[in-house]
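Undergrad: Using only what follows, build the 3D model:
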Amino acid sequence: MVRGNKFIWGLTGIVLLFVFQFPISCRSTLPQDNHFLGPKTYQGTVDIRINGFRRTYLVHIPPGYKPEVPLPLVVVIHGAFDTAEGMEKFSNFSRLADTENFIAMYPNGFGIMGFLQHWNAGHCCGKAADDKLDDVGFVAAAIEDVDVRLKIDRDRIYMVGFSNGGMLVYRFAAERGELLAAIAPLAASIGGRPAADAPEWRIPEPVQPLSVITFHGLADDDVPYEGGVSRHRGGDRTYWSVEDSVEFWIDRDGCDLKPVIQRMRGESVLVKTWENCKNETTVSLWLIKGWGHVWPGPYFTADLAEDDPLKNFDAAKIIWDFFKSHRR
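TA: Below is the predicted model:
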């Protein structure tokens, strides 16, 4: 059995889980007087409307927050059929923010009454892509809104995304990379073909070199490592391969062509790192043997058998350690 599949986090399962587990959010709204108390997660809104409703995000403030001290901001973007609340729950970034003293922000994609949410990552996905929503513009506006309300370090803004959210991270990095210090797309691709009769789409040329750390399960049946059609969903949508997606950034960042290779966790994790890149950037690829289309963190790895080499694997901690060494 592929590790992760036992959690039944296929697309249908995700819909049902979040319908029952995450009804309309009752989070406290960000106070107008800027009097924030952490650790706490608030809901923020941006005056960008779809069908009359303003777009929203969650922001988690750590206990060590002081208005006079700027903190790093980590923007964490959920996948298709997910929500900001769901991403906060299983990514572990809010807990990490409390110990590492950074602010975590979780934008909400476009959906129906807060459910079935997607992002327009160019080649994927759902109605957000079909309607060509400006999700890059929305996420940029959400960052600016947090910056107005909280004290963030503009040289230490980072972005993480899973699946469709990771694809949006790739797109955001190419189009608005001047706002970011580093990115971490997981289970994602930089391009593909939405349908057999549609033109192929790929993220545009990046506005500047940018550090990238990316993770992918070698048993991912939704966004296959080798690219092409999803083995899980079928159809005629195709994705660029992980290798092609990473090579795109290696080339644009001007890195050494030969990576530094490490094997970890009983050789269940292969890490390739390309160094000596432009502007002191780095590209790092983490490949996880036997792992499917599931966030590789304690929410799913804590219950693995004691002798499983991926027991308690925590992508969020690895990502944050990578982010800490990069500034804009």
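Undergrad: Apart from its neighbours in sequence, what residue is nearest Gly235?
TA: Val229 (6.8 Å; Cβ to Cβ, 6 or more residues apart in numbering). The way it works is simple: take the backbone N, C-alpha and C, and place the C-beta from them, glycine included.
Undergrad: residues in contact with the one you found?
TA: By Cβ atoms under 8 Å, 6 or more residues apart in numbering, Val229 lies in contact with 235-238.
Undergrad: which two in those are spaced the farthest apart?
TA: Gly235 and Thr238 (9.2 Å; Cβ to Cβ).
Undergrad: more neighbours, those two?
TA: Thr238 (21 against 10; other Cβ atoms under 10 Å).
Undergrad: quick one: the helices in the protein?
TA: Remark: helices assigned in the chain by DSSP state H are 11-21, 84-91, 93-100, 126-130, 135-149, 164-176, 242-253, 298-301, 315-323.
Undergrad: and stretch 30-45, average pLDDT?
TA: Mean pLDDT, stretch 30-45: 82.
Undergrad: what's the spacing between that stretch and its chain's center?
TA: 23 Å (Cα atoms, centre = their mean, to the nearest Å).
Undergrad: ditto for stretch 183-193
TA: Chain-centre distance of stretch 183-193: 9 Å, with Cα atoms, centre = their mean.
Undergrad: could I get it in PDB with only the CA atoms?
TA: Provided in PDB are the C-alpha atoms of stretch 183-193 (Å, rounded to 0.1, in the frame of the first residue of the first chain):
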ATOM      1  CA  ILE A 183       9.200  29.400  -2.100                       C
ATOM      2  CA  ALA A 184       8.200  25.800  -1.300                       C
ATOM      3  CA  PRO A 185       5.700  24.100  -3.700                       C
ATOM      4  CA  LEU A 186       4.700  20.500  -2.800                       C
ATOM      5  CA  ALA A 187       3.100  17.900  -5.100                       C
ATOM      6  CA  ALA A 188       3.000  20.600  -7.900                       C
ATOM      7  CA  SER A 189       4.000  21.300 -11.500                       C
ATOM      8  CA  ILE A 190       4.800  24.500 -13.300                       C
ATOM      9  CA  GLY A 191       2.700  23.800 -16.400                       C
ATOM     10  CA  GLY A 192       0.600  21.400 -18.400                       C
ATOM     11  CA  ARG A 193      -2.400  21.100 -20.700                       C
END
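Undergrad: Adjust the sequence numbering to begin at 55 for everything that follows.
TA: Sounds good: first residue 55 from here, last item stretch 237-247.
Undergrad: quick one: least confident helix or strand in this structure?
TA: helix 65-75 (a mean of 38; mean pLDDT, DSSP states H and E).
Undergrad: Where does pLDDT dip in this protein?
TA: Confidence mapping of the chain against pLDDT under 70 gives the ranges 55-80, 87-88, 167-168.
Undergrad: let's see it at 80
TA: 55-81, 84-92, 105-106, 166-169, 286 (pLDDT under 80).
Undergrad: Perfect, that will be all.
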